[in-house]
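Enquirer: fold the following, please.
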Amino acid sequence: KHMPLKLLKAIISLGGRDIGAEVVIDSLWPDADGDTGLRSLNTTLHRLRKLLGNDMAITLEDNRLTIDVRHIWVDAFAFQRLMGKIENRLKKAEAKDDSLSHLMESITAMYQCPFLRDIEEQWALSFRERLKNRYLHILSEMANYFERSQNLQNSIRCHERCIEIDNLAEENYRRLMTVYNNLGRKAEGLAVYKRCKEAINLHLGISPSQETEAIHKSLRSSYS
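Expert: The predicted structure is shown next:
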């Protein structure tokens, strides 16, 4: 099952539609010559279709591979569709849009861990980073929206989720510290600063930036 599933993961990572057979062969069988690589692809594709129980799930036409979403559900593609829906909703959002709270819950539940986190090959890494960065951007935009609409608890949840996904990006900590500062919840803001300082010192061996320290100073000055 190893190579058939790896083939499926590679096709998904490369976009899922109209992927040149040579691109897949170069990704999975980089040392194979043309004929050997194509035979390996055809054999593995046959095994994958049997594993999926549907010969229509993945097509190979004119040496181009496509996942037919009418016959197979792919979580990564569903995640991308949900991100697109949220992006469109954010563009049109009114001052108070309850649907965005539900969409936040849905997308938070869907993203449980980095895409194919156990595969370190370039085709997986690239797609993993694109998904993560787009998700982080959407979380940031949702946090902004919730702040504007005074739903600060949801804003805090978005910022916390950003920190969970990327705990070395100081901006995520600063924005959360600022929300707590504006709410007058100084102790929680100071706790966020402490987490920031410990994380970047442990993993990067550096101290927080001047921007972060300025917010920290503001929190401390009015905390008693």
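
Enquirer: dihedrals phi and psi, residue 65?
Expert: phi -100, psi 140 (degrees, to the nearest 10).

Enquirer: run a quick neighbour tally on the closest residue to it other than its chain neighbours.
Expert: Of all residues not flanking residue 65 in the chain, residue 19 sits nearest, at 4.6 Å (Cβ to Cβ, 6 or more residues apart in numbering). Where C-beta positions appear, they are placed from N, C-alpha and C, glycine not excepted. By other Cβ atoms under 10 Å, the residues close to residue 19 number 21.

Enquirer: now do residue 34
Expert: Using other Cβ under 10 Å, residue 34 is surrounded by 9 other residues.

Enquirer: quickly note the distance from it to residue 63.
Expert: 11 Å (Cβ to Cβ, to the nearest Å).

Enquirer: which ones are touching residue 76?
Expert: When contacts are counted by Cβ atoms under 8 Å, 6 or more residues apart in numbering, residue 76 touches 12, 115, 127, 131.

Enquirer: low-confidence stretches in this structure?
Expert: For the chain, applying pLDDT under 70 flags the ranges 94-97, 223-224.

Enquirer: spatially central, which residue of it would that be?
Expert: residue 132 (2.5 Å; Cα atoms, centre = their mean).

Enquirer: quick one: buried residues of the one helix or strand residue 42 maps to?
Expert: With secondary structure defined by DSSP states H and E, residue 42 is part of helix 34-52. Counting neighbours by 16 or more other Cβ atoms under 10 Å, one finds that the buried residues in helix 34-52 are 37-38, 40-41, 44-45, 48-49, 52.

Enquirer: nearest to residue 138 among those?
Expert: Closest approach to residue 138 among the buried residues of helix 34-52 (Cβ to Cβ): residue 52, at 30.3 Å.

Enquirer: ok, the residue nearest to residue 169 when sequence neighbours are not counted to residue 106 distance?
Expert: Leaving aside its chain neighbours, residue 169 sits nearest to residue 162 (7.3 Å; criterion: Cβ to Cβ, 6+ apart). Note on residue 162: its distance to residue 106, by Cβ to Cβ, is 17 Å.

Enquirer: and the two? which has more neighbours close in?
Expert: residue 162 (22 against 14).

Enquirer: tell me who's in contact with that one.
Expert: 136, 139-140, 143, 169, 172, 175.

Enquirer: and those residues, which two are furthest apart?
Expert: Counting by Cβ to Cβ, the most remote pair of the contacts of residue 162 is 143 and 169, 13.4 Å apart.

Enquirer: which one of those two is surrounded by more residues?
Expert: Neighbour totals were compared for residue 143 and residue 169, and residue 143 leads with 26 against 16 (other Cβ under 10 Å).

Enquirer: could you say which helix or strand contains the nearest residue to the more buried one once chain neighbours are set aside?
Expert: Leaving aside its sequence neighbours, residue 143 sits nearest to residue 158 (Cβ to Cβ, 6+ apart; 3.7 Å). Using DSSP H and E, the element containing residue 158 is helix 152-165.
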